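>>> Dropping the sequence and predicted coords here.
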Amino acid sequence: MPGSLHPISKFTDYLVSLFDELGFKIFETPEIASEWYNFDSLLVPADHPARDEQATFWLDKKTVLRTHTSSGQLMIMEKNQPPLRVIIPGRVYRNERTDATHEAVFDQLEGFAIDKNISMAHLIGTLEYVLKKIFGQNLTIRFRPHYYPFVEPGMDVDILWNDKWLEVLGSGMIHPAVLKNMKINPEEYQGFAFGMGINRLMMLYYGIEDIRIPYQNDFRFLKQFRKYENSHRLA
Amino acid sequence: MKIPIDWLKEFVKLPDEQNKLVDIFIQLGFEVENISNEVIDIEVTPNRGDVLSIFGIARDLGIILNQPLSIPQPQNKYQGKSQILDIQFQNKSLVNRYAGLILEDIKIEESPAYICQRLAKAGIRPINNIVDLTNYLMLETGQPLHAFDLDKIKNKKIILRLTGKREKIVTLDGMERELAEGNLVIENNNQIIDLVGIMGGENSEVDKNTKKVFLQAGIFDEKNIRKTAKDLHLQTEASYRYERQIDWQAAIFALQRSEELLKEMKIGKVVERFDYQNNPSEIKTIAFDWQKINQLIGTKIDEQFIKKSLLASGCLIKNNKVIIPSHRHDLNNWQDLAEEVARIYGYNRLNQVIIEKVKPVENKDYWTIANLKQKLVSDGYSEVRTYSFLSKKEIAAWSQMANAIYIPNPISAELECLRTSLTPLLIKTFSRNPWDTTTKIFEIGNVFNPQEEMHFAVAGWKKLNIKGEKILAVTDELAKLYKIRRPIYYFETTLKEAIKIFQPLTAKSIIDELRRFKYQKISSQYPTVRDISFIIDKEISLATIESEIYQADKNILIIELFDQFESEKIGKDKISYAFHIIFEGNNLTENDKTMKQIEKILKEKYQGRIR
């Protein structure tokens, strides 16, 4: 009998292949990151209130378990030149009590694209395309301003799901100071960046009610995702 | 932040429909957490300190509602040094503005009803008219105020300074707090009477006998306040606002409003007004380049619209320079202006274009791993993704503690180390599925021993047929820890090595489209496993048989084919199958019924022979 891919892998592979088709290069960056890569290089210094938004596991005074896959942005651009499109899938960590909607260990997908004429229109268009590929062409999407220190303009994206608006990802145009940290001239290049919670999207898609379930690896859960399983349960 | 709607309506006319109001907040960038007829609760991001007040919110709404709002010119003169208080600033750079009122003929009473109600709706407890006034006006104007009992300030001499080592204060909540070094405080008569910007001291607080008040409106260095609040693990409504920066003009606005409210309450006489402008904030200007703004946003917004939007936000445009109003600490470069224009225009109206096609990229590394996973899946393995954390005990049962990274602030003792290898967690996974007898699993993930490294591991109840595989005996430490009752075969190596061993393809994998199905919730109860074995025509597809079995009972969660064989003995065109049928729960009678039903179907519909 065939085995099964973990649904997080299935979902990640699918997203990654969509971006691969759009010319994005896939990088995987370390889960242990320095304070510089995880925070300061992204304009979140220690004395900034935005630090409070992400509960962090500090391994020592200068090292963390990355709180977001954005920690890879500077790492990658130190070794690469624009124009460039990048996708970073991976595990991230938040120092939070776990419950049905909060996990300490989960998966994100970071993406960014830097070029001479990348604009917010490309960000919106690309995100809409990807979300509709996942959830169907009839999906209703809402874009609204939100604040992240490393993008300006900043933007959150919601989808209409069971009559409720649910936030699915954060994004924005890469802040000029971050581009400068990347040794890129912000007057010459522009870029967009986004981060999606893979677990969240996956949970919405399959109707999984508790974010801890995928990491408990109950075989009754995992095997529902076998390739030809569930032909009797197709929605 | 909770906003009483009737209070908001004093400053701005709101749309009648609640939905419309919610939409406007969303458009402006404030998530609405809750809305009732009386209160709207919104999330304010750290960059918008200017809207942490009723007035600030009204002003921001006014941009979209076409009701421009700005702080009125003060009617009274606030200037100069205090003659009544002798104020010394030891660190002028941390006290940008220090304005105040000296009041006499104060009578401490209950506040007017509307003030008590609005404070309560906003989540603040009413105390007395003077304390309430400070809280009310902080909520209304965004400027935190503090009231000192003037008679408690001995010889009227106050020093604003940083703390040295081991200084203490008893704050007005009655708690004695040990201060850190470098906290901004007010000293009087060799005592600390105020933890600046955070909480007042008990020794200077307003009480029922207070007759004279010093009302302070200060603008302090936001970084110092934030550090102090963190040092003392003490955050208040005041410190929250200070951290997010105060509008230079709000100090006088709040004092002006104080005088109005005191008149309304018919108490108090203003004997002095003062204003120390130690570090006036510089006026920010940004070059106005509307074409660059459009280039960033990617939408051709009309130049006039852009100008009008910036003016509506309180900016002035002179000589092609945008002059930023004092309350907008978030507007510092032209990209910030672009965001301002875009949010006023409406993010949902912006252009959308998929990023243009480029030459295909090679992502060999990723697809190699994906192909390795596919290989294992075709071979019958189920992928697991285990937690990165485990306890000291679990690591010690398996490997060298010396290599383990401890988490200094773990969520619990159970999760105090990072995994040094994958195998213990694979074994743990089996212990969490005790009803299982057939599954073999794999994981590809990072371990930390102490270097971060990608590992590959497999485990199962039968021989894996991998060179170098090992057996975990039931007497081994780890097996005893996880109560494993049968030996487990396992193999772990680095991902690099695994790729050498399994030789997966490097070309882009064929990725399945996502298929939505009705996912079935699993209960915390362990399932019951029943077996069935039968001989049937080879022609009948497994898919048909499986479908029949699943349909027999909605409590059948999973079925596992664990054996099949053909032989002369059972017949040339026949095959024998053996399934584990896994039922949710343990309703044995119902399960019996279902098994009988399945046997009946196999016999009657498919001429199967039950063994």
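On my side now, so go ahead. Residues are numbered from 1 along each chain as shown, chains lettered A, B, ... in the order given.

>>> Number of residues surrounding whichever residue of the stretch 251-400 of chain B sits closest to chain A?
Nearest to chain A in the stretch 251-400 of chain B, going by CB to the nearest CB, is B:Gly298, at a distance of 2.8 Å. C-beta here means a position set from N, CA and C on the backbone, and glycine is covered the same way. Using other CB atoms under 10 Å in any protein chain shown, B:Gly298 has 23 neighbouring residues.

>>> CA atoms only: put stretch B:556-568 into CSV for me.
Extracted in CSV, the C-alpha atoms of stretch B:556-568 (Å, rounded to 0.1, in the frame of the first residue of the first chain):
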residue,chain,number,x,y,z
ILE,B,556,-14.2,3.4,9.6
LEU,B,557,-11.4,5.9,9.6
ILE,B,558,-8.6,4.1,7.8
ILE,B,559,-8.1,0.7,6.2
GLU,B,560,-4.7,-0.9,5.8
LEU,B,561,-3.9,-3.6,3.4
PHE,B,562,-1.2,-5.5,5.3
ASP,B,563,-0.9,-8.8,3.4
GLN,B,564,-1.7,-10.1,-0.1
PHE,B,565,-0.7,-13.2,-1.9
GLU,B,566,-1.6,-15.4,-4.9
SER,B,567,-1.0,-19.2,-5.1
GLU,B,568,-2.1,-22.3,-7.0
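
>>> about what we covered before: pull the contacting residues for the residue of the stretch 251-400 of chain B closest to chain A.
A:Ser119, A:Met120, A:Ala121, A:His122, A:Ile124, B:Leu350, B:Asn351, B:Val353 (CB atoms under 8 Å, 6 or more residues apart in numbering or on different chains).

>>> Now the phi/psi pair for the first one, please.
Main-chain dihedrals, A:Ser119, degrees, to the nearest 10: phi -130, psi 180.

>>> Does it touch B:Ile297 like I think?
Yes. Between A:Ser119 and B:Ile297 a contact is recorded at 6.4 Å, counting by CB atoms under 8 Å.

>>> Can you report phi and psi for A:Asp107?
Torsion angles, degrees, to the nearest 10, at A:Asp107: phi -120, psi 140.

>>> Can you give me the neighbour number for the residue nearest to it when sequence neighbours are not counted?
Using CB to CB, 6 or more residues apart in numbering or on different chains and skipping residues adjacent in sequence, the residue nearest A:Asp107 is A:Ile198, 4.3 Å away. Applying other CB under 10 Å, we find 24 residues neighbouring A:Ile198.

>>> so what's A:Ile198 up against?
So A:Ile198 contacts A:Ile8, A:Phe11, A:Thr12, A:Leu15, A:Pro89, A:Phe106, A:Asp107, A:Gln108, A:Leu109 (CB under 8 Å, 6+ apart).

>>> which other residues reach the strand or helix carrying B:Lys223?
Assigned by DSSP states H and E, B:Lys223 belongs to helix B:222-231. For helix B:222-231, the surrounding residues in contact (CB under 8 Å, 6+ apart) are A:47, A:49, B:94, B:179-180, B:182-184, B:195-198, B:235-236, B:239, B:242-245.

>>> in it, what counts as buried?
B:Glu222, B:Asn224, B:Ile225, B:Arg226, B:Lys227, B:Thr228, B:Ala229, B:Lys230, B:Asp231 (16 or more other CB atoms under 10 Å in any protein chain shown).

>>> any chance of these in JSON lines, with pLDDT too?
Listed next are the buried residues of helix B:222-231 as JSON lines, based on pLDDT from 0 to 100:
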{"residue": "B:Glu222", "pLDDT": "96"}
{"residue": "B:Asn224", "pLDDT": "97"}
{"residue": "B:Ile225", "pLDDT": "97"}
{"residue": "B:Arg226", "pLDDT": "95"}
{"residue": "B:Lys227", "pLDDT": "95"}
{"residue": "B:Thr228", "pLDDT": "96"}
{"residue": "B:Ala229", "pLDDT": "96"}
{"residue": "B:Lys230", "pLDDT": "94"}
{"residue": "B:Asp231", "pLDDT": "94"}
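
>>> one step back: so which of the contacts of helix B:222-231 sit within helices?
B:Ser239, B:Tyr242, B:Glu243 (DSSP state H).

>>> which regions of chain A sit below the pLDDT cut-off?
A:228-235 (pLDDT under 70).

>>> now the helices for it?
Under DSSP H, chain A gives helices at A:7-21, A:35-38, A:72-77, A:120-135, A:176-181, A:198-206, A:213-216, A:219-222.

>>> and the first one, what does it pack onto?
What it means is helix A:7-21. Applying 3 or more CB pairs under 8 Å, 6 or more residues apart in numbering or on different chains; DSSP states H and E, one finds that helix A:7-21 contacts strand A:25-26, strand A:84-93, strand A:105-115, helix A:120-135, helix A:198-206, helix B:364-378.

>>> Contacts only, for B:Leu316.
Applying CB under 8 Å, 6+ apart, the residues near B:Leu316 are B:Val322, B:Ile323.

>>> which residue ranges form the strands in the stretch 351-500 of chain B?
In the stretch 351-500 of chain B, the strands defined using DSSP state E, counting those that start in this stretch lie at B:381-383, B:389-390, B:417-418, B:440-448, B:452-460, B:470-472, B:488-494.

>>> and chain A, which of the ones you listed is closest to it?
strand B:381-383 (4.2 Å).

>>> so does that closest one get close to chain A?
Yes. Applying CB under 8 Å from any CB of the partner chain, one finds strand B:381-383 touching chain A at B:Tyr381, B:Ser382, B:Glu383.

>>> Now that strand: average pLDDT?
The average pLDDT within strand B:381-383 is 97.

>>> can you check stretch B:237-251 too?
96.

>>> Send me that stretch as PDB with only the CA atoms.
What follows is stretch B:237-251, C-alpha atoms only, in PDB (Å, rounded to 0.1, in the frame of the first residue of the first chain):
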ATOM      1  CA  GLU B 237      -1.700  53.100  29.300                       C
ATOM      2  CA  ALA B 238       0.700  56.000  29.700                       C
ATOM      3  CA  SER B 239       3.900  54.100  29.000                       C
ATOM      4  CA  TYR B 240       2.300  52.400  26.000                       C
ATOM      5  CA  ARG B 241       1.600  55.800  24.500                       C
ATOM      6  CA  TYR B 242       5.000  57.200  25.300                       C
ATOM      7  CA  GLU B 243       6.700  54.200  23.600                       C
ATOM      8  CA  ARG B 244       4.800  55.000  20.400                       C
ATOM      9  CA  GLN B 245       5.700  58.700  20.500                       C
ATOM     10  CA  ILE B 246       3.500  61.700  21.500                       C
ATOM     11  CA  ASP B 247       2.500  64.500  19.200                       C
ATOM     12  CA  TRP B 248       4.500  67.700  20.200                       C
ATOM     13  CA  GLN B 249       1.300  69.700  20.100                       C
ATOM     14  CA  ALA B 250      -0.700  67.300  22.200                       C
ATOM     15  CA  ALA B 251       0.800  68.500  25.500                       C
END
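
>>> Does stretch B:342-354 reach chain A?
Yes. For stretch B:342-354, a contact with chain A is found by CB under 8 Å from any CB, at B:Ala342, B:Arg343, B:Tyr347, B:Asn348, B:Leu350, B:Asn351, B:Gln352, B:Val353, B:Ile354.
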